[in-house]
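> Have a look at this prediction, sequence included:
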Amino acid sequence: MRTYIIRRLIYAIPTLLGISIIVFLITRLSPGDPVRLYTFGALNITEEDIQGLREHYGLNKPLYEQYVSWLLQVVQGDFGKSLQYNRPALPLLLERLPATLQLAVAALVLQLAVGVPLGVIAALKRGTWLDNVIRVFGVIGHAVPTFWLGLLMIIVFSVTFGLMPSQGVLTVGHDVWDIPDRIKHIVMPAFVLALAGIANYSRYLRTETLDVINQDYVRTAHAKGLSERTVVYVHALRNALIPMVTALGGLLAALVSGALVVEQIFTWPGVGQFTYAAARSKDYPVIMAGVMVASTLLVLSYLLRDIMYAVVDPRIKVK
Amino acid sequence: MATTQTTVGSVAAMDVSQRRASAGLWSNAWYRLRRDRLTVASTFVLVVLVLLSLAAPLLSQYVFQMSFERQDLLHAYAAPTLDPPGYIFGSDEVGRSQAVRLFYGGQVSLFVGFVAAAIQLTIGVLLGLVAGYKRGRIDDVVTWFITTLNSVPAIFLLIIFSALFTPGPLTLTLVIGALFWTGITNFVRGQTFALREREFVVAAVTVGASGWRIMLRHILPNVLPLIFVLTAIDVGSIILVESALSYLGLGIIPPTPSWGNMLTNASSYFNRAPWLVVPPGATIFLTVLCLYLIGDGLRDALDPRLKTEK
């Protein structure tokens, strides 16, 4: 098991390198000279000063040299200072990480707690109206634009009925540990973020459960005279859940990506919202750090998924 | 007499079943598809949406009699009305016709969806075939590309790209197409991996067929059916991504309307004009829903073994 984890960790290195190349190229090849942007409006600046600054920041060197020196700093956690806040970019982003994680974990829990039972119920009651309702929901939940759903929910629940807060993590002035208040704030964004996943899980699990129910060992369990409950929960469900772990990968990606949009709608102070703001104001160090943080989050969650997979299904051994 | 009738009847029945059995994959699928009411209905709705969008210039000139950029500050936030007909869905914050903008927006959103899907399909199928068939180095490189791209949240990349380069609709479409090919590549690669070991491929190699001929004439047709399914679903997902991006003010930039950017300021005026919030979102939802349903229908028709009902 330990060698497996170590091997997977090593596999993550080329991936992260690839991401860093993409990030570096996008920001470096974009139009606009960072030095001119940085010194824009400064008085008494001469062409010589600008050349001097370019030399100082190494912007006259070939691209690959710039990349290598940038990478060497990034490995030490140094993305440079934010142009807007004049503080190191990475700590700024890491301050926002807990909020994003809260949202993603809440959404993941919702997806599992709602999506899995829905799928199992649909499979057990197949052909009934309940099954049909769940299946229709499975398609609809996937096709709704998240940002629109978020807007509608804010209109209905926050503006019209005033039931739910429409933005932020916490009411201003409340105690940081005011858990009920936090829950009230997280319900809507987490639901919006989770919806596509709930729909997805219910569809996957319906198919998987139907598959497993028709297996011989389930028939044997029935033949032994076990109760329906035992057969479903002990024999069928356990095996139906194994492929779900694979599906988790795509859903985690959707969570991290989706979080950016949802954070924006609900003004949730997370990594996505901060990176978005940085992109709009061309704050390069923060942009680069933002993509790297989000991607690392994703790489780590893939890693977690693979480890879980090996734990759940011992038949799978990586080459 | 009665016996002859039954025989004739069963012969006729056999005749039909034989004819069905001898029909090829595609005509069989077409046969099943026509009987799938939900898929037929979704296709119909989608075609109507596409036609309305294509007819946007004609509609705005002859039916609504206003262009999509015509502003009229005196009639800002007009409630939906038939007088003038251009305000059938109301008017926005500068008095532009919501209906006309909706149809023009459809042109843009649907164009991005379908063209980007075509691009990712081309990249995906080619890379998948080559990687799966040649294996070795090429496969390693392609796999590395896929894992890398899958590990960057796509919306982050798109937002940064749009913020720094401010691309036009065409560039945006190319970039989206170039970002979303990994799913199809993975699928084609896996299928090719399995198919290249089959007898018919070995036979083709023995006869001396070239690599490209084997990939395109022998392997591709076997993978094609499910590619269509994936593509229908991808068009829907791309439309969702584009609309989210445009909603954030970074995809399609106004004054060019798109379903997403029509909602950009919705949160600031939904008190005054709730009719501006519902139609664009509902149209995106309807389009994507139709595409997903068509994808599901295609899958059931092309591979009845996977039929979702069971």
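That came in fine, so what should we check first? Because the structure is predicted, anything quoted here is derived from the model rather than measured. Numbers count the residues shown, from 1 in each chain, chains lettered A, B, ... in the order given.
> Report how many residues lie close to residue 52.
I went with chain A, as the question did not name one. Using other C-beta atoms under 10 Å in any protein chain shown, A:Gly52 has 12 other residues around it. The way it works is simple: take the backbone N, C-alpha and C, and place the C-beta from them, glycine included.
> Can you look at chain B instead?
There are 15 residues near B:Leu52, going by other C-beta under 10 Å.
> pLDDT (mean, whole number) over the strand or helix carrying it?
Using DSSP states H and E, B:Leu52 sits within helix B:37-54. Mean pLDDT, helix B:37-54: 87.
> Name the next helix or strand downstream of that helix, please.
Criterion used, DSSP H and E; the element after helix B:37-54 is helix B:56-58.
> Give me the angle between the helix or strand harbouring B:Leu240 and helix B:37-54.
Assigned by DSSP H and E, B:Leu240 falls within helix B:220-247. With axes from the mean of the first three to the mean of the last three C-alpha atoms, to 10 degrees applied, the angle from helix B:220-247 to helix B:37-54 works out at 50 degrees.
> Which parts of helix B:220-247 count as buried, going by neighbours?
B:220, B:222-223, B:225-247 (16 or more other C-beta atoms under 10 Å in any protein chain shown).
> On the three-state scheme, the residue nearest the centre of chain A is what?
Nearest to the geometric centre of chain A sits A:Val256, at 1.5 Å (C-alpha atoms, centre = their mean). Here A:Val256 is recorded as helix under DSSP: H, G, I helix; E, B strand; the rest coil.
> That one touches B:Pro153, doesn't it?
Yes: with contact defined as C-beta atoms under 8 Å, A:Val256 and B:Pro153 form a contacting pair (4.6 Å).
> shared neighbours of the two, anything?
In terms of C-beta atoms under 8 Å, 6 or more residues apart in numbering or on different chains, A:Val256 and B:Pro153 are both contacted by the residues A:Ala294, A:Leu298.
> residues from the stretch 1-150 of chain A in reach of chain B?
A:14-16, A:18-19, A:22, A:26-27, A:30-32, A:126, A:135, A:139-140, A:142-148 (C-beta under 8 Å from any C-beta of the partner chain).
> got a list of contacts for the helix holding B:Leu52?
Contacts of helix B:37-54 (C-beta under 8 Å, 6+ apart): B:33-34, B:59, B:103-104, B:106-107, B:110, B:283, B:286-287, B:289-291, B:293-294, B:296-298, B:301.
> For that helix, which residues meet the burial criterion?
So, applying 16+ other C-beta under 10 Å, buried residues of helix B:37-54: B:Thr39, B:Ser42, B:Thr43, B:Val45, B:Leu46, B:Leu49, B:Ser53.
> Same list, those residues, but as TSV with distance to B:Arg272 please.
What follows is the buried residues of helix B:37-54, written out as TSV (distance: C-beta to C-beta, whole Å):
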residue	distance to B:Arg272
B:Thr39	40
B:Ser42	35
B:Thr43	38
B:Val45	31
B:Leu46	33
B:Leu49	28
B:Ser53	28
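> related to what we said a few turns ago, mind checking which of the residues of the stretch 1-150 of chain A next to chain B land in helices?
Using DSSP state H, the subset of those located in helices is A:14-16, A:18-19, A:22, A:26-27, A:135, A:139-140, A:142-143, A:146-148.
> Which two of the residues you listed have the greatest separation?
Farthest-apart pair in those is A:Thr27 and A:Arg135; separation 44.5 Å (C-beta to C-beta).
> any low-confidence regions in the chain?
Because you didn't say which chain, this covers chain A. The model of chain A has pLDDT under 70 over residues A:32-42, A:57-58, A:171-173, A:175-176, A:250, A:314-319.
> try chain B instead
For chain B, counting by pLDDT under 70, the residues that fall below are B:1-23, B:63-66, B:68-79, B:81-88, B:93-95, B:304-310.
> thinking again about what came up before, contacting chain A as well, which ones from the buried residues of helix B:220-247?
B:Gly236, B:Leu240, B:Ser243, B:Ala244, B:Tyr247.
> Does the fourth one touch A:Trp148 like I think?
Read it as B:Ala244. No: counting by C-beta under 8 Å, B:Ala244 does not reach A:Trp148; the two are 9.1 Å apart.
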